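Asker: Following is a predicted model, sequence given first.
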Amino acid sequence: MSQAVREITEAEFQREVLESAKPVIVDFWAPWCGPCKMVAPELEKLAVTVGEAASFVKVNVDEASGVARSYGIMSIPTIAKFEGGTLVAQVVGARGADALGREFGLV
């Protein structure tokens, strides 16, 4: 994982996502999830393309089950966009960087 997409813990979620001044793209994932492994490099590409306009983080649903449960994450990968502390969009399943950028209005 590069610096473009950082893994955060459940304890960091409030500060890193909900209190962020800019949009945050959250990848809800797990190490055993095959499609999650396909999404990871695509999120890296998107993060590099978007630059400082948004933050990108990963949340391991096995280790942060409370966060996953509170946002109704039932399938992974789920990629979500938060703005102003609110979940504003999400997609379930593997997508390429271009598709994610379009779906979240980032490119």
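Answerer: Great, that's in hand.
Asker: hey, let's count contacts and neighbours off CA atoms from now on
Answerer: OK.
Asker: name the helices or strands packed onto the longest helix along the chain?
Answerer: Secondary structure assigned by DSSP state H gives helix 34-50 as the longest helix of the chain. Secondary-structure packing of helix 34-50 (3 or more CA pairs under 8 Å, 6 or more residues apart in numbering; DSSP states H and E): strand 55-60, helix 97-103.
Asker: Work out the gap between stretch 83-100 and the centre of the chain.
Answerer: Relative to its parent chain, stretch 83-100 has a centroid offset of 7 Å by CA atoms, centre = their mean, to the nearest Å.
Asker: hang on, the earlier thing: export the helices and strands packed on helix 34-50 as CSV, with columns for distance to residue 76.
Answerer: Output for these, formatted as CSV (distance: least, CA to CA, whole Å):
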stretch, distance to residue 76
strand 55-60, 10
helix 97-103, 15
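Asker: Would you mind finding the most buried of those?
Answerer: Of these, the one with the most neighbours on average (mean count of other CA atoms under 10 Å) is strand 55-60, at a mean of 22.
Asker: what's that one packed up against?
Answerer: Counting contacts by 3+ CA pairs under 8 Å, 6+ apart, strand 55-60 packs against strand 6-8, strand 24-29, helix 34-50.
Asker: Give the rounded mean pLDDT of the helix or strand just after that strand.
Answerer: Next helix or strand after strand 55-60 toward the C-terminus (DSSP states H and E): helix 65-70. Averaging pLDDT along helix 65-70 yields 96.
Asker: go on, stretch 28-41?
Answerer: On average, the pLDDT along stretch 28-41 is 96.
Asker: sorry, back to before: what about the helices and strands packed on helix 34-50, which gets the closest to residue 45?
Answerer: Nearest to residue 45 among the helices and strands packed on helix 34-50 is helix 97-103; the distance by CA to CA comes to 6.2 Å.
Asker: Export the closest one to CSV, keeping only CA atoms.
Answerer: Extracted C-alpha coordinates of helix 97-103, given in CSV (Å, rounded to 0.1, in the frame of the first residue of the first chain):
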residue,chain,number,x,y,z
ALA,A,97,-10.1,3.7,-11.5
ASP,A,98,-11.9,5.5,-14.3
ALA,A,99,-15.3,4.1,-13.4
LEU,A,100,-14.8,4.9,-9.7
GLY,A,101,-13.7,8.5,-10.6
ARG,A,102,-16.9,9.0,-12.6
GLU,A,103,-19.2,7.5,-10.1
